[in-house]
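[1] let's see this in three dimensions:
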Amino acid sequence: MVLQLNNHLTFSPSSGILGEEGEKGGFMSNTNIKILPNGPYLVEGEITLTDAAGQPVAIAKTPFALCRCGHSKAKPFCDGAHKGCGFEAA
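    Numbers count the residues shown, from 1 in each chain. This is a model prediction of the structure:
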């Protein structure tokens, strides 16, 4: 399972990195992605996050939240901006 966050970022477990083109990767064995109501994706477990160029993005802590509203100043990570911008999930 791969979650595409936008046109530039995809992610998979640490057993396989996925870049923009979606190269082969592993399966998500100990990874959970929870979609929070009108909020971010909450990611728990072992995972590698890559940018559009396929370079790993440093993850400071786990679990971590990924922005869905597009207003975070810490993209791709959530900074809570969804609370003030009126974001409503589709």
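[2] ranges for the strands of the chain?
    3-4, 10-12, 32-35, 41-44, 48-49, 64-66 (DSSP state E).
[3] most tightly packed of those strands?
    Comparing the strands of the chain by mean neighbour count (mean count of other C-beta atoms under 10 Å), strand 10-12 ranks first with a mean of 24. (C-beta placed from N, C-alpha, C; glycine too.)
[4] same question for it, mean pLDDT?
    For strand 10-12, mean pLDDT rounds to 50.
[5] then stretch 82-90?
    Computed over stretch 82-90, the average pLDDT equals 93.
[6] residues contacting it, please?
    Residues outside stretch 82-90 that contact it (C-beta atoms under 8 Å, 6 or more residues apart in numbering): I35, P37, N38, G39, P40, C67, R68, C69, H71, S72.
[7] can I get the residues you listed in a markdown table including pLDDT and distance to G54?
    Listed next are the contacts of stretch 82-90 as a markdown table, based on pLDDT from 0 to 100; distance: C-beta to C-beta, whole Å:
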| residue | pLDDT | distance to G54 |
| --- | --- | --- |
| I35 | 95 | 25 |
| P37 | 95 | 32 |
| N38 | 96 | 31 |
| G39 | 96 | 28 |
| P40 | 97 | 23 |
| C67 | 97 | 20 |
| R68 | 96 | 22 |
| C69 | 96 | 25 |
| H71 | 97 | 26 |
| S72 | 97 | 22 |
